[in-house]
Each structure stands twice: as C-alpha cells, then as structure tokens.
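Peer 1: Got a sequence here, can you build the structure:
(one chain, ligands or ions: 1)
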Amino acid sequence: MIRSVIRGVGAYLPQKIMTNADLAKIVDTSDEWIVERSGIRQRHIAAEGEYTSDLAIAAAKKALAMAGREGTDIDLFVVATSTPDDTFPSTASKVQGAIGKPGAPSFDVQAVCSGFIYGLAVADNFVRAGQSKCAMVIGAEIFSRILDWKDRTTCVLFGDGAGAVVLTAEEGKGDTSDRGILSTHLHSDGRHHDMLYVDGGVSTTQTTGLLRMKGKEVFRHAVVNLADAVREALAANNMTIDDVDWLVPHQANRRILDSTAHKLGLDPAKVVITVDQHANTSAASIPLALNAAVQDGRIKPGQILLLEAMGGGFTWGSALVRM
Ligand code: ACO
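Peer 2: Next comes the predicted model:
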C-alpha cells in the first residue's frame, strides 16, 4: 500500500510582531483580557507588499530543505488559503511558478481554518492513487488584511503566517505500523455559514469584505466537532487516545484546545500549543505548530500525531499520521 510520508516540514512568520499591548493602542482591549480569553500573546503581521504567496514560498523552501528535495521534484502543489494574493489565478500557481517545475499541477483549497487538513487529504489521495510521488501542501494566510481593526471581538484573535509539508510516496504494509498519513476525515455543515464568514466577495459585493464571527457559537461547535473528529480518527485506526503521542490542533484559541483535550481525557502535555506566539493563522496554524514541535525535537520519527481543525463553513476534520 502506498503511503504519503511527511519528509519535510517548514514554516514562516512575517517579521513584524504585534503584541497585545500594541493592539490595546488601537482598540479597547487589554493584554489581560486577550490572554485570559484566548491564550494569545502576540501575532505576526505581513509587511506592506508582502503577499500570501511570499509567505507560502518561504515556508515551502524550508520544508524542501528538511526533505532534501528541490522545488522541481514536486509534482503537486496544494495551497490551503482563504486569503489568496488575487481572486485568480491560484496562490498555488504562483508558488509553483516560483519554485516548481513548469507543468507541475497546482491549485488552492479553501476550507478556512480546516484548509490544511483538507489540503493534506487531497494530496494524500493523489499520492495513494499513484498520481503524485512528491507533493507539497502549504497553509498560508494573511488574515490581517480581512480583519475589521475597529472590532475588538475579532481583530485580537488572528494573525499571518505559513507552514508547509513535503509528502513522498512510500510503500507501506497497509497497517498502522506504517509511516505516513494513516487516515483523513473531512466534514462540513453549511447551515452554519453565517457564524464565521467574510462580509464580501466576488459575486456578492465585488469587495474583499471583512471577517465576522459569532464567537460564542463558534466556540460551542468547535469543542463538540473537534472531539468528535478525534474519536472518529481513533476508531478508524483501532486506536485509543493513549496511542496518540501528540495532538497537533488548529491553533484557534487556548480555551478551545484545553476544553477539547479535557473532553477527550488527553494529557494536556501532549497538545502542541503555539497560539500564544502567532494567534489564529487559519490554514497555516497546523503546519506552524507541527514545525515548531518537529524543530524543537518534541515530535520524533515513528510517533503518532493527530491533526485536527475546525473553521468557517463550518468545516472540520482530522488526519492521523505516523511521523
Ligand atoms: N477586549 C476586551 N473586552 C472584550 C473584547 C476584547 N478584545 N472582546 C469582547 N470583549 C468584551 C465583550 O464586549 C463583553 O463585554 P460585556 O460583558 O460588557 O458585554 C465581554 O468582553 C465578554 O464577551 P464575550 O463575547 O461573552 O466573551 P467570550 O468569553 O465568549 O470570549 C471569544 C470571546 C474569545 C471570541 C470566545 O467566544 C471564543 O474564543 N470563541 C471562539 C472563536 C474562535 O476561536 N474563532 C476562531 C475561528 S474558528 C476556529 O478556528 C475554531
């Protein structure tokens, strides 16, 4: 059985850091409120003239270096983003044009904060179907450009960044001792479209729009859906929560992460948390967290990782991976 094995991980955060104290100069908020309600201490903000594709390319280069590969080895580029450079062409095509081989396929996936899980699932299916031998999945976002900087209930929660993985097709036995992506599960429920959305778009207002969110409802749904997604992934692989070495969740909010871990009976020390450093970077947050724990040596080859996310739509899902 062919498996998609994660051979490279990389990330990039824009240079400019905006702390909670900096935010308190713009809106009526405080470091204390933001830390208590979200666990966020700072976020990175893309520079003027710096685009989502720039963040994506920087992260991709680091993932390629770890994998010992060149951009021209990549035969599939998938970029998960809700904040593309332009309406079209895709941000993935810009990445492919900058570092890839002419002719290699590229496209964007849009599932907001679940985008990286969706992108990983798509790439994994290409690899397992024999259509890709070396795929790149990138989550890249510049949410700072769709925030209402006058709305303290949303602007304090998000930031910019990118993360990437290189997947290579490798032969496995077909059981959970294999390295690579062991399962992916994707879900959506569009009835909740108006809980977290951007109030503009190509066919509606012909503007980009700004992010709007019913925070309490999102929180409530997130804890339930994420715990269900974890249980579903474990059941599909005949595993229990004790088999998981690391939960690498979408970094939305510290309280969502804590509540989900508590609901699952998971040791909080097994949850990779980076939301304090970069806030919610939507599709970029899982590979940013993954990269942090790989680079500092917490995540080791052979370990079982459970990746999960929920985002606007609603969309949600999981990926169970042996590193
Ligand atoms: N600074 C200070 N006060 C604030 C701020 C702020 N930035 N924002 C809101 N407040 C005030 C409110 O006005 C309210 O004041 P009031 O009591 O006088 O009316 C008070 O704080 C409490 O507001 P609530 O909205 O009840 O605060 P809550 O405890 O629900 O926390 C939060 C808000 C952090 C948004 C929470 O609902 C949440 O975490 N929701 C999940 C949202 C999320 O993470 N979304 C990410 C995208 S989806 C995903 O990735 C899973």
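Peer 1: all contacts plus neighbour counts: C-alpha atoms, from now on.
Peer 2: Fine.
Peer 1: Enumerate every residue touching whatever residue of the stretch 1-150 of the chain ends up closest to the ligand.
Peer 2: Taking CA to the nearest ligand atom, the ligand has its nearest neighbour within the stretch 1-150 of the chain at residue 29, 3.6 Å off. The contact partners of residue 29, by CA atoms under 8 Å, 6 or more residues apart in numbering, come to 23, 152.
Peer 1: Next, it: secondary structure please.
Peer 2: coil (DSSP: H, G, I helix; E, B strand; the rest coil).
Peer 1: Quick check, pLDDT for it.
Peer 2: We have a pLDDT of 98 for residue 29.
Peer 1: Same check on the one 10 residues further on?
Peer 2: Per-residue confidence (pLDDT) for residue 39: 98.
Peer 1: bridging residues for the nearest residue to residue 245 once chain neighbours are set aside?
Peer 2: Leaving out its chain neighbours, the residue that sits closest to residue 245 by CA to CA, 6 or more residues apart in numbering is residue 304, at 5.2 Å. Beta bridges link residue 304 to residue 322 when assigned by DSSP bridges.
Peer 1: got a list of what residue 304 touches?
Peer 2: Contacts of residue 304 by CA under 8 Å, 6+ apart are 243-246, 320-323.
Peer 1: Name only those of the residues you listed that count as buried.
Peer 2: 244-246, 320-323 (16 or more other CA atoms under 10 Å).
Peer 1: re earlier: how much space separates the residue nearest to residue 245 from residue 176?
Peer 2: Between residue 304 and residue 176 the distance is 9 Å, computed by CA to CA, to the nearest Å.
Peer 1: And residue 158, by the same measure?
Peer 2: Counting by CA to CA, the gap from residue 158 to residue 176 is 36 Å.
Peer 1: Between these two, point out the one with more neighbours.
Peer 2: residue 158 (25 against 18; other CA atoms under 10 Å).
Peer 1: in terms of contact, does that one touch residue 276 like I think?
Peer 2: No: assessed by CA atoms under 8 Å, residue 158 is found out of contact with residue 276, at 10.9 Å.
Peer 1: all helices for the stretch 201-323 of the chain, in order.
Peer 2: For the stretch 201-323 of the chain, the helices defined by DSSP state H, counting those that start in this stretch occupy 215-236, 254-264, 275-278, 285-295.
Peer 1: By mean pLDDT, show me the worst of those helices.
Peer 2: helix 254-264 (a mean of 92).
Peer 1: So which elements touch that helix?
Peer 2: helix 31-38, helix 215-236 (3 or more CA pairs under 8 Å, 6 or more residues apart in numbering; DSSP states H and E).
Peer 1: can you list the residues that contact it?
Peer 2: Contacts of helix 254-264 (CA under 8 Å, 6+ apart): 37-40, 219, 222-224, 226-227, 241, 249, 251, 267-268, 271, 273, 275-276.
Peer 1: Does the closest residue to the ligand within the stretch 51-200 of the chain fall in a helix, a strand, or a coil region?
Peer 2: Using CA to the nearest ligand atom, the point where the stretch 51-200 of the chain gets nearest to the ligand is residue 153, with a distance of 3.8 Å. Under the three-state scheme (three-state DSSP), residue 153 adopts helix.
Peer 1: need the contact list for it.
Peer 2: residue 215.
Peer 1: all numbers from here: first residue = 49
Peer 2: Fine by me, first position is 49 from now on; the one you just mentioned is residue 201.
Peer 1: coming back round to it: just put the helices of the stretch 249-371 of the chain in a markdown table and tack on distance to residue 93.
Peer 2: Formatted as a markdown table, the helices of the stretch 249-371 of the chain follow (distance: least, CA to CA, whole Å):
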| stretch | distance to residue 93 |
| --- | --- |
| helix 263-284 | 22 |
| helix 302-312 | 20 |
| helix 323-326 | 9 |
| helix 333-343 | 14 |
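Peer 1: among these, which is the most enclosed?
Peer 2: helix 333-343 (a mean of 25; mean count of other CA atoms under 10 Å).
Peer 1: Tell me which stretches of the stretch 49-198 of the chain form helices.
Peer 2: 68-71, 79-86, 100-115, 139-147, 163-176.
Peer 1: how about stretch 252-266, does it reach the ligand?
Peer 2: Yes: using CA under 6 Å from any ligand atom, stretch 252-266 comes into contact with the ligand via 263-264, 266.
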